[in-house]
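> need a 3D model of the sequence below.
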Amino acid sequence: MITIQTKINGAFDALKSLFQWKNALQVPRVEKIVISTGTGRVRKEKQTVVLIQDRLAKITGQKVVPRKARKSIASFKLRDGETVGFMTTLRGKNMYAFLDKLINVAIPRMRDFRGIPHTSVDEMGNLTIGVPEHTIFPETPDENLQDIFGMSVTIVTTAQNRDEALAFLRHIGVPFIRTEG
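Below you'll find the predicted structure:
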């Protein structure tokens, strides 16, 4: 089985004619992966917030950081300093392991998945994927299906523009929607 690390290392040979790269260091790399989730309406329920924190830590393989509200908003019943979500940043071996698990295990388990839209890649070359249910990851048990939460996964690349990022991400196996033509 070819790993993500092997695909990234072979990206220069596959993409050099497309972008006229002269040096292997011009090839985009995955710099980091940021995973974040909000607590939403359940932020008052301490047991559910702890469950979200624990599950996100199991999925990513490292401790998550609570994100606090910066200011109070009365209409949302939100107080300054209250935990409104969790996030973690993956780098190095953890990043490649999570990316491999995301592309090869989790995304194929998504319900009604037809591909990631090309508009998910921004002009700076970063891909943001919204995962509607955390249960697509194999680390989560299916016993508590009432506490399902979604998350945002941002893959930060060193690509110079959107076209380089799309070609690079397609090469490493990110399942984009096929375009007709």
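> doesn't residue 34 fall inside a strand?
Yes. Counting by DSSP: H, G, I helix; E, B strand; the rest coil, residue 34 is part of a strand.
> distance check, it against residue 95.
With distances taken as C-beta to C-beta, to the nearest Å, residue 34 is found 10 Å from residue 95. For glycine as for every other residue, the C-beta is placed from the backbone atoms N, C-alpha and C.
> and those two? Which one has more around it.
Neighbours per residue (other C-beta atoms under 10 Å) separate residue 34 from residue 95, with residue 95 holding more: 19 against 15.
> can you tell me the element the more buried one falls in?
Assigned by DSSP states H and E, residue 95 falls within helix 92-101.
> what lies in contact with stretch 7-25?
Here stretch 7-25 makes contact (C-beta atoms under 8 Å, 6 or more residues apart in numbering) with 26-30, 164, 167-168, 171-173.
> ok, 10 Å please
Contact partners of stretch 7-25, identified using C-beta atoms under 10 Å, 6 or more residues apart in numbering, comprise 2-3, 26-30, 96, 99-100, 103, 158, 160-161, 163-164, 167-168, 170-173.
> what residues are up against the nearest residue to residue 150 once chain neighbours are set aside?
Excluding its sequence neighbours, the residue lying closest to residue 150 (C-beta to C-beta, 6 or more residues apart in numbering) is residue 132, at 4.8 Å. When contacts are counted by C-beta under 10 Å, 6+ apart, residue 132 is found next to 110-113, 148-151.
> ok so, going back, buried ones in the helix or strand that the helix holding residue 95 is followed by?
Downstream of helix 92-101, the first helix or strand assigned by DSSP H and E is strand 127-131. Going by neighbour count (16 or more other C-beta atoms under 10 Å), the buried part of strand 127-131 is 127, 129, 131.
> same deal with stretch 98-109?
98-103, 106-107.
> which residues does that stretch contact?
In contact with stretch 98-109 (C-beta under 10 Å, 6+ apart) are residues 1, 3-5, 7-8, 30, 33, 35, 59-62, 88, 90, 113, 115-116, 129, 131, 133-139, 153, 155, 169, 172-175.
> and the end-to-end length of that stretch?
In stretch 98-109, first residue to last residue: 15 Å (C-alpha to C-alpha, to the nearest Å).
> and that stretch, what's its mean pLDDT?
Averaged across stretch 98-109, the pLDDT comes to 88.
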